[in-house]
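In: Structural data only, the sequence is not supplied:
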């Protein structure tokens, strides 16, 4: 194995770890985990939830970067889909909070005209980015 491949692998792994840490910090910062703990009355396990979030981000990066195959069968695929759905639901909740934060910021900054265009531009950018990634 050449030195270039080893350095590239280490760089990719470190970059993935940084992204995983940033995503975990963002989710924790939005307060999604304490909200779930409050709803399920399991507040004493918040640190465990955060540990599993970080572990999931790291393992997801490893699977993605190294194209690892995980043989889980149909039942495992079903559970994975369920967990992805829960994760997506968490992001929808977070998006609702971000939109509310945008309305507060717009009011404080005195943005009266164009707020709708800003929100539509953000949504269109996300859609275009998703389509470019999916079709590329």
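Out: Yep, it's here. Keep in mind it's a predicted model, so treat the numbers as computed, not measured.
In: Can you point out the helix or strand that includes residue 71?
Out: Using DSSP states H and E, residue 71 maps to neither a helix nor a strand.
In: Okay, buried residues for stretch 61-81 please.
Out: Buried positions in stretch 61-81, judged by neighbour count with 16 or more other CB atoms under 10 Å: residue 61. In this view, the C-beta of every residue, glycine as well, is placed from N, C-alpha and C.
In: swap in stretch 8-23?
Out: If you call a residue buried by 16+ other CB under 10 Å, then stretch 8-23 has these buried ones: 16, 20, 23.
In: Contacts only, for the residue nearest to the first one when sequence neighbours are not counted.
Out: By that I understand residue 16. Leaving aside its sequence neighbours, residue 16 sits nearest to residue 61 (CB to CB, 6 or more residues apart in numbering; 3.6 Å). Taking CB atoms under 8 Å, 6 or more residues apart in numbering, we find residue 61 in contact with 16-17, 19-20.
In: Looking at the buried residues of stretch 8-23, which is nearest residue 131?
Out: The closest of the buried residues of stretch 8-23 to residue 131 turns out to be residue 23 (CB to CB; 21.8 Å).
In: if I pick the closest one, what's in contact with it?
Out: Neighbours of residue 23 in contact, by CB under 8 Å, 6+ apart: residue 57.
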